[in-house]
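> sequence and predicted model, in that order:
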Amino acid sequence: MRLPEALHQALAATVGEPVRCAAPVGGGCIARACRVETARNTYFLKWGPSEVAQTFPAEAAGLRVLRAAESPLVIPQVVAVAEARPDCPGFLLMEWIEPGRPGPRFWEHFGEGLAQLHRCQNTRYGFDQDNFIGRMPQENTWEEDWPTFFWRHRLEPQVRWARERGCWERAWDRWLERLEARLPELLPARPPASLLHGDLWSGNFMVTADGRAALIDPAVYYGDRETDLAMSELFGGFDARFYAAYRAAWPLEPGYEERRELYNLYHLINHLNLFGHSYAAGVARTLRRFA
């Protein structure tokens, strides 16, 4: 793989030695990604034009916060992040994590590790900066109570963007109004404000060469820990041993299965915005259920 010459030079200046080779890495749908090798080190590189690179500083901030939490989960170290320039793409450079195969207790360690990560907490809900959930902006303005945060900075912005994109159905408005009124009774007022990955599905973790779980592509904020678990179940779910280990490490409050569907409404509307009408039935079904 041949990198743009300006990017090649910027990387060499960043790491202090020239790039010897770059090999594409699959899996991403927003930025271009590759494995970069120098004489002394191997790195993971994400790069792209300004509309893509605008997501990199927030991603880097999220990775740094997750790494500082010192959980057993592997978090890639951020080496450098740079904005796009007219003559050079923006980039996010991280340590390379060699992939491997899960060991016999991989899922148990993953579940226990996520519970430990969630023990890192704040006194409010939100984050120091806004970030992105996929390609969509994610608002993280601090709030004192959880239902207010979830409505103002999760559901309401996604609905607004769905209206602007023409993929929101007017018939859903009456259900949405009822849902807004019911949120204080449906959600806990002040659950622990846990440090969250924020976009925890099967595409955003990997197995390391030594068999541990590594988290990638976060959409970090402090919120109800159940939202991470709910997201992990939205598209097929993880191994049952993961959930059993998490619950053994930190049991969930009664009613999680009901709240899970409500929390995943955020991701369903986000996918409606990103991918269109195929997610409309899921949005309508969830709105109707809770209205």
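Everything's here; your move.
> count the residues that sit near Arg40.
Number of residues near Arg40 (other Cβ atoms under 10 Å) recorded here: 8. Any C-beta I mention is one placed from the backbone N, CA and C, and that applies to glycine too.
> quick check: closest non-adjacent residue to it.
Nearest residue to Arg40 in three dimensions, chain neighbours excluded: Glu17, at 6.5 Å (Cβ to Cβ, 6 or more residues apart in numbering).
> what about that neighbour, neighbour count?
Applying other Cβ under 10 Å, I find that Glu17 has 13 neighbouring residues.
> got the contact list for Ser50?
For Ser50, the contact set (Cβ atoms under 8 Å, 6 or more residues apart in numbering) comprises 83-84, 90.
> most neighbours among these, which one?
The residue in the contacts of Ser50 with the most neighbours, by other Cβ under 10 Å, is Gly90 (24 neighbours).
> cross-check the contact I'm expecting between that residue and Glu83.
Yes - using Cβ atoms under 8 Å, Gly90 and Glu83 qualify as a contacting pair, with a distance of 5.0 Å.
> need the overlap of contacts for the two.
With Cβ under 8 Å, 6+ apart as the test, Gly90 and Glu83 both reach 50, 53-54, 56.
> pLDDT score for the closest residue to Ala84 other than its chain neighbours?
Distance criterion Cβ to Cβ, 6+ apart; nearest residue to Ala84, sequence neighbours excluded, is Gly90 at 3.6 Å. With respect to pLDDT, Gly90 has a value of 97.
> so how far is Gln77 from Gly90?
Remark: distance between Gly90 and Gln77 (Cβ to Cβ, to the nearest Å) = 19 Å.
> again, but for Pro104
Pro104 is 28 Å from Gln77, by Cβ to Cβ.
> what do you get for Asp228?
Noted for Asp228: a distance of 22 Å to Gln77, by Cβ to Cβ.
> neighbour count winner among the two?
Neighbour count, other Cβ under 10 Å: between Asp228 and Gln77, Asp228 has more, with 21 against 12.
> for the helix or strand hosting that one, which outside residues touch it?
Using DSSP states H and E, Asp228 falls within helix 226-234. With Cβ under 8 Å, 6+ apart as the test, helix 226-234 has contacts from 114, 118, 191, 194, 196-202, 238, 242-243, 246, 252, 256, 259-261, 263-264, 266-268.
> same check on stretch 177-184?
Residues contacting stretch 177-184 (Cβ under 8 Å, 6+ apart): 147, 150-151, 155, 287, 290-291.
> helices of the stretch 1-150 of the chain, residue ranges please.
All helices of the stretch 1-150 of the chain, identified by DSSP state H, counting those that start in this stretch, fall at 5-15, 50-53, 56-68, 106-118, 146-150.
> now the second one, how far from the chain's geometric center?
Meaning helix 50-53. 17 Å (Cα atoms, centre = their mean, to the nearest Å).
> list the buried residues of it.
For helix 50-53, the buried set under the neighbour-count rule, 16 or more other Cβ atoms under 10 Å, comprises 52-53.
> for the residue of the chain most remote from its centre, give me its contacts.
Distance from the C-alpha centroid of the chain peaks at Ala39, with 32.5 Å (Cα atoms, centre = their mean). Contacts for Ala39 were tallied using Cβ under 8 Å, 6+ apart; they are 17, 20.
> list the contacts for the spatially most central residue of the chain?
The geometric centre of the chain, computed from its C-alpha atoms, lies nearest to Asp199 (Cα atoms, centre = their mean), at 2.8 Å. By Cβ under 8 Å, 6+ apart, the contact list for Asp199 reads 133-134, 217-219, 231.
> quick one: which of those is nearest Phe44?
Using Cβ to Cβ, Asp217 is the member of these that lies nearest Phe44, at 11.4 Å.
> hang on, that closest one in a strand?
No - counting by DSSP: H, G, I helix; E, B strand; the rest coil, Asp217 is not part of a strand but coil.
> phi and psi next, for the residue lying closest to it once chain neighbours are set aside.
With sequence-adjacent residues excluded and distances taken as Cβ to Cβ, 6+ apart, Asp217 is closest to Asn204, at 4.6 Å. Backbone geometry at Asn204, expressed as degrees, to the nearest 10, gives phi -110, psi 20.
> Asn204 contacts Val220, correct?
No - at 11.7 Å, Asn204 does not count as touching Val220 under the criterion of Cβ under 8 Å.
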